[in-house]
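*Asks:* would you be able to build a 3D model of this:
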Amino acid sequence: MRLTHLYAATAAVLLLGAPVIAQMAPPEMLHGAGTVADIKAGTYAVEPHHTQVTFSVSHFGISPYAGTFSDASGTLKVDPAKPAVTQLDVTLPIASVQTTSAKLTEELKAADWFDAAKFPTATFHSTKVTPLSADAVAVDGTLTLHGVTKPVTFRAKLFGAATNPMSKKASIGFLGRMVIHRSDFGVSKYVPVVSDETVLVINAAFELQ
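*Replies:* Numbering: from 1, shown residues only. Modelled structure (predicted):
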């Protein structure tokens, strides 16, 4: 299952503790270790320190602007021989949002935007996984954000499968992408000068339990 768009949501679903820095190379140009054959069947937990969900919007139609959520938690149940039975559940704390502007970061946590005090988490729950190729799947599920739950679909691609040399645990990573309209979830401030369309990129890491 080189499972590009969350095995997840995400992705991640899915996206530390430091300001967002522009990547020097797009994730599609990076190469991981292992193949689908190296995935061990079982239940995996999100590895929060290497899981990120980055959101990007169009800023005044002039430039893209991105922020990142981190500290994810959740589980992934996977069997490489039966990709259709994959199950994914991910939770992201809204207060983990980071941008390159400290002022904007605090604004995003406030009521006009994500309202972290009232809606402290975003969640993704998979409902269907459809294999697209040997290492990619389409993931249908529900995304709950800002107190609103909507069906979403994204594609996910396996990035790597290997034993983590630090934890000594069997680990897998996926690259995911999906597009949402933030106004569908009640986050509509400055639409359309800050685009409604929002691209989510999920860098998701999991460790076998």
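*Asks:* only C-alpha atoms for contact and neighbour calcs from this point on.
*Replies:* Noted.
*Asks:* burial measure for D112, as a count.
*Replies:* Other residues near D112 number 12, with proximity taken as other C-alpha atoms under 10 Å.
*Asks:* so what's it up against?
*Replies:* By C-alpha atoms under 8 Å, 6 or more residues apart in numbering, the contact set of D112 is V187, K189.
*Asks:* likewise E47?
*Replies:* Applying C-alpha under 8 Å, 6+ apart, we find E47 in contact with A72, S73, A204, A205, F206, E207.
*Asks:* most neighbours, which of those?
*Replies:* Result: A204 is most packed of the contacts of E47 (other C-alpha under 10 Å), 32 neighbours.
*Asks:* and that one, that's in a helix?
*Replies:* No. Membership of A204 in a helix is not supported by DSSP: H, G, I helix; E, B strand; the rest coil, which gives strand.
*Asks:* name the nearest residue to it, sequence neighbours excluded.
*Replies:* Excluding its sequence neighbours, the residue lying closest to A204 (C-alpha to C-alpha, 6 or more residues apart in numbering) is T51, at 4.5 Å.
*Asks:* quick one: L92 from A72, how far?
*Replies:* Distance, L92 to A72, using C-alpha to C-alpha, to the nearest Å: 5 Å.
*Asks:* what's the longest strand in this structure?
*Replies:* Counting by DSSP state E, the longest strand found in the chain is strand 148-163.
*Asks:* dump the following helix or strand past it to CSV, restricted to CA.
*Replies:* With elements assigned by DSSP states H and E, the helix or strand that comes after strand 148-163 is strand 170-181. Extracted in CSV, the C-alpha atoms of strand 170-181 (Å, rounded to 0.1, in the frame of the first residue of the first chain):
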residue,chain,number,x,y,z
ALA,A,170,7.7,-1.6,13.4
SER,A,171,6.6,1.7,11.9
ILE,A,172,4.9,3.0,8.8
GLY,A,173,4.4,6.4,7.3
PHE,A,174,1.9,7.8,4.8
LEU,A,175,1.5,11.0,2.8
GLY,A,176,-2.0,12.2,2.4
ARG,A,177,-3.8,15.1,0.7
MET,A,178,-7.3,16.4,0.6
VAL,A,179,-9.2,19.6,-0.2
ILE,A,180,-12.0,21.1,1.9
HIS,A,181,-13.9,24.3,2.0
